[in-house]
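Asker: Fold the stuff below for me.
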Amino acid sequence: MASLINFDSLTPTKSILSCVILATIYVSSLYIWKNSTDRDNPRVIKKRFISVLSVTILSPAYVWCWSTHANRTEGYTLATWLGLRYDNIIPATVLPLLLTMILFLGPLSLIISIDPTSLLHDFKDMPNRIFDIYWLRSHIMAPFTEEFVFRACMLPILFPQFGRSTAIFICPLMFGLAHLHHLIEKIIKKEQSLGNAVAVTG
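Answerer: Residues are numbered from 1 along each chain as shown. Predicted coordinates for the structure are as follows:
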């Protein structure tokens, strides 16, 4: 039987610090390769795939390191803390999917109002895009690894100290701060002015 753990021993400061460290590790992994600043170079993209997948695989172990052993009434398994469980799996799958569909109704309506045939063209082109490395980065690799690291792995650490609502609010802040490296890249490469870079990144 898997051991039961909790995160009650963490202070709010340690909870925030542990999440900042995890976010830093995730972002830093993108730059460990030589000549890795050109994010749209296919070779760089493949190397970054390796980096973020490695961090994602190791993240549960990182979360476990911040936990303490707990008894049956006070703890859960690591998998349960990460949201990997079977109970209530149907609503846990359907409701977020429904929410995402509602969220994208606005952009889809705008696209249809501009060019009704564009969506049909996108669907026809889907088989080719599945093997496109840029499409894989934007639609598979980045969403999966970011959601797992910045939500599944951070919420267990934040929830016991801050409660559900505040923890849910803090996670996107960590996600946003982690994306400041895009701002730095644009400024270093002098692709955009500081004002434009902040507007685009923000």
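
Asker: what stretches of the protein score poorly on pLDDT?
Answerer: Along the chain, the model assigns pLDDT under 70 to residues 1, 36-37, 181-202.

Asker: how about the helices in it?
Answerer: Secondary structure of the chain (DSSP state H): helices at 12-28, 42-65, 78-81, 89-103, 105-114, 118-124, 126-129, 133-136, 142-147, 155-178, 180-188, 194-201.

Asker: Which elements pack onto the fifth one?
Answerer: Going back to what we said before, that points to helix 105-114. Under the contact criterion of 3 or more CB pairs under 8 Å, 6 or more residues apart in numbering; DSSP states H and E, helix 105-114 touches helix 118-124. C-beta: built from backbone N, CA, C; applies to glycine.

Asker: Restricting to C-alpha, output the helix it packs on in PDB.
Answerer: Taking only C-alpha atoms (Å, rounded to 0.1, in the frame of the first residue of the first chain), the coordinates of helix 118-124 have been written out as PDB:
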ATOM      1  CA  SER A 118     -11.100  28.800 -42.000                       C
ATOM      2  CA  LEU A 119     -12.100  26.300 -39.300                       C
ATOM      3  CA  LEU A 120     -13.000  23.700 -42.000                       C
ATOM      4  CA  HIS A 121      -9.600  24.200 -43.500                       C
ATOM      5  CA  ASP A 122      -7.900  23.800 -40.100                       C
ATOM      6  CA  PHE A 123      -9.800  20.500 -39.500                       C
ATOM      7  CA  LYS A 124      -8.700  19.100 -42.900                       C
END
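
Asker: residues making contact with it?
Answerer: Taking contacts as CB atoms under 8 Å, 6 or more residues apart in numbering, the residues outside helix 118-124 that touch it are 108, 111-112.

Asker: want to throw these into TSV with distance to residue 61?
Answerer: As requested, those are arranged in TSV below (distance: CB to CB, whole Å):
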residue	distance to residue 61
108	39
111	42
112	45
